[in-house]
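Visitor: Generate coordinates for the sequence data below:
(2 chains)
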Amino acid sequence: MKRLAKLLTLALAWTLAVPGVVRAEESVNIGLLSDLSGPTSAVGVPYSEGIKDAAKYLNENGGIAGKPLKLIEVDYAYNAQQALSAYKRFTSQDKIVALQGWGTQDTEALTKFVGKDQIPTLSASYSAHLTDPAKAPYNFFVAADYSTQIRGALKYFKANWKEARAPKVAFVYPDHPYGLVPIPAAKDYAKELGFEIVGDETVALGAMDAMAQMLRLQKLAPDYVWIGGTTPSAAVIMKDAQKLGFKTTFFCNIWGVDESLFKLAGDAANGTYSLQTAVVYGQKVPGMAVIEKLTNGAPKMTHYIRGFASMLVMAEGLKIAAAKGPLTGPAIKDALETLRDYNPMGLTPPISYFPNDHRPNMSVIIYKVDAGKMVEVVTETLERKPEWLGK
Amino acid sequence: MHGQCGLFFRTYAGEAQLFPGRFLKISMLLFFAALCLAPWAMNKYLVSILCLINISVIGAVSLNLLTGSCGQISLGHGAFFGVGAYSAAYLANLGLPFLLVLPGAGAITALTGMVFGLPSLRLKGIYLAIATLAAQLILEYVFLHWDAVTGGSGGMALDPPSIFGFAFDSDLKMFYLTLAVAVLCVLAVRNVMRTRLGRAFVAIRDYHLSAEIVGVDLFAYKLRAFGLSSFLAGVGGALWGSYTMYITPEQFGIGLSVSYLAMIIIGGLGSVIGGVFGAVFITILPELLNFIAQHAGAAFTDLSGALLAMKEGVFGLVLVLFLIFEPEGLANRWRLVKSYWKLYPFAH
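Guide: You can find the predicted model right below:
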């Protein structure tokens, strides 16, 4: 069997390697790691569609310096090992010049590799520590990091707080890297703004019930409750709070409220604030006409639009680098670091990267859920404080 | 000598040797020579798959020692693997040389494994499975919350291993390192299986009461099985950590434990070579399915997304078909193929 496996791998090598070399000459190859079948596929599918549609649009409009973009997609099912082998294939056979990654799992497992192989990577894992080029020199993303998102919301709530007493805030999040990452930053900033932090609760990503946690929180009577999960757990929290008659204002992170929540939570979701970094489908911005044409008017989640913007930003970097010389990893990284207030067709707030600071911007778009729609409230922009970099 | 047919042993030692017969010795030698030369003809992707296979072989063979040979089912192997990776990262960041880090990570994991093996004295079968599942969850919690040692949710970075100043910083170099360690681990387990220790493990698996009657101290031997298996898992985890250079708690979830169980079930429970086959099979299958999905996707562009996503379903289907048509695993199929060719063309 081992010999058979050997033969199989050799056969694979031959079939894969031959077309790989030919392809590399004529197109700009980008690796695309997607989760189409794993635990995050509900949001991974629209995100990857956004990236693919953006590439299609870019190719219809001249590609990168006359060369077409070629996306090579691999479904890694949110598995670090499969992400790693897909990445090796991208770099050795497909000769990619840049990578579109997806979640925490693949992005963090590959941080060191992309740094060593000099492959600029845009992903949808918005952990703040990836914005520090000292730690992750080749990682970029197009959204304000998780910590900045919460800070923006807290600032907005504080500015609109009318009562004399201090506003009370509580945090609900899964006991999972993704949920835990922004909590220290959020608490520090809440204290700084004069919030009273009344409690923490953990609700797992796959939770079916959050009654016990909501009962405890109800007694503490927070004015604002942070939900740092994904849509299924956010829906459970909102529905259980509604059942208990627990009146508070929820605010959710970027993956916690999207268009699927309306079906999951129904009217329990009304009044929830959603922190996003891209517009929603149908909003009047220059890029929406393009997107509506590509999708034939069928609404897509906001994650689709962020994927679309991520590809536009990467393409902008590629174009700048291609104008200067050959497309290499360091050239693309340098090109991305020259972006100043680049506007991806109005789909996200303007984006800038600096050689010592990969925070794309400090803006969070706050939406309010109202009868099955996301209604834009305000775009809150914070100061780019150096001490917040990577935290 | 009058023309002997097959192998004929006059001593127990002769029968117990690892590579009986000249044919086997020569073919193993040729196989390893080919394996050592092959990466030079391969690109980085294929070499990286070979590295992953080597690491999986260590994990699968170690789990097979515990579950297949000693009958102690473990759902916590992925977490033990993680303990190895985190220990290696911690020890390496203390500045220890890799040659100490590797056994050190193994030793720490062995201790952890033995602690979580303690319930095996009282628990059997499905109950022990649940106890080891608890080990998995507890260890995952520790990875996530013991910030000072594990880096918590941010994870931990490691440098590529280096031995006497020689850095294993490419896939090719890592391949030789992982191959060497995998071969040592497989040989170690094969050796254990032909000693009193291995026979005691099998006796416990087959029937605990008879084992006790013939003088096997159940608790001591079960603990040894946990310790030994965890030691090897720790070594495998250390290699995984050194290879990926970045570890986070998510990598060592229940999915990894289940995938090791799948490897030994597909490969063949209780057989060392089965663990190896299972590891090779489970590591290559998703890559093969990816390859097929990609090429089929090129032909039917509208379906490419669905085809890529179908991979997971096909993966599950292949596992089910295997259990139905080859319940004794690849090791058994390998034995049948061998005996077919041994008697060819006079099989009857």
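Visitor: I figured residue B:71 hits residue B:204, correct?
Guide: Yes - between residue B:71 and residue B:204 there is a contact under Cβ atoms under 8 Å: 6.1 Å. In this view, the C-beta of every residue, glycine as well, is placed from N, C-alpha and C.
Visitor: Give me the neighbour count for the closest residue to chain B within the stretch 151-300 of chain A.
Guide: For the stretch 151-300 of chain A, the residue closest to chain B is residue A:177, as judged by Cβ to the nearest Cβ, at 3.5 Å. Here the count is done by other Cβ atoms under 10 Å in any protein chain shown, and residue A:177 has 21 residues near it.
Visitor: same question, residue B:251
Guide: 27.
Visitor: so it, which of the three states?
Guide: helix (DSSP: H, G, I helix; E, B strand; the rest coil).
Visitor: again with residue B:335
Guide: Taking three-state DSSP, the label given to residue B:335 is helix.
Visitor: so what's residue 40 up against?
Guide: Just so you know, I chose chain A. By Cβ atoms under 8 Å, 6 or more residues apart in numbering or on different chains, residue A:40 lies in contact with A:78, A:102, A:103, A:230.
Visitor: Please refer instead to chain B.
Guide: The contact partners of residue B:40, taken as Cβ under 8 Å, 6+ apart, are residue B:172.
Visitor: from memory residue B:113 sits against residue B:231, does it?
Guide: Yes - counting by Cβ under 8 Å, residue B:113 does reach residue B:231; the two are 7.4 Å apart.
Visitor: who has more neighbours, those two?
Guide: residue B:113 (31 against 25).
Visitor: contacting residues around that one?
Guide: B:80, B:226, B:227, B:229, B:230, B:231, B:233, B:234 are the contacts of residue B:113 under Cβ under 8 Å, 6+ apart.
Visitor: Grab the most central residue of the chain for me.
Guide: Picked chain A for this. Relative to the mean C-alpha position of chain A, the nearest C-alpha, by Cα atoms, centre = their mean, is the one of residue A:124, at 3.1 Å.
Visitor: Hmm, no, I was thinking of chain B.
Guide: Chain B has residue B:60 as the residue nearest its centroid, 2.0 Å off, counting by Cα atoms, centre = their mean.
Visitor: what helix or strand is it on?
Guide: Secondary structure assigned from DSSP states H and E places residue B:60 in helix B:44-63.
Visitor: Could you give the average pLDDT over that helix?
Guide: The average of the pLDDT scores along helix B:44-63 is 92.
Visitor: For it, which helices and strands make contact with it?
Guide: Under the contact definition 3 or more Cβ pairs under 8 Å, 6 or more residues apart in numbering or on different chains; DSSP states H and E, helix B:44-63 sits against helix A:2-26, helix A:80-92, helix B:77-93, helix B:171-193, helix B:218-244, helix B:254-267, helix B:272-299.
Visitor: The fourth one packs against which elements?
Guide: Under the contact criterion of 3+ Cβ pairs under 8 Å, 6+ apart, helix B:171-193 touches helix B:22-37, helix B:44-63, helix B:196-206, helix B:218-244, helix B:272-299.
Visitor: buried sites along that helix?
Guide: Across helix B:171-193, burial judged by 16 or more other Cβ atoms under 10 Å in any protein chain shown covers B:171-175, B:177-179, B:181-182, B:185-186, B:188-189, B:192-193.
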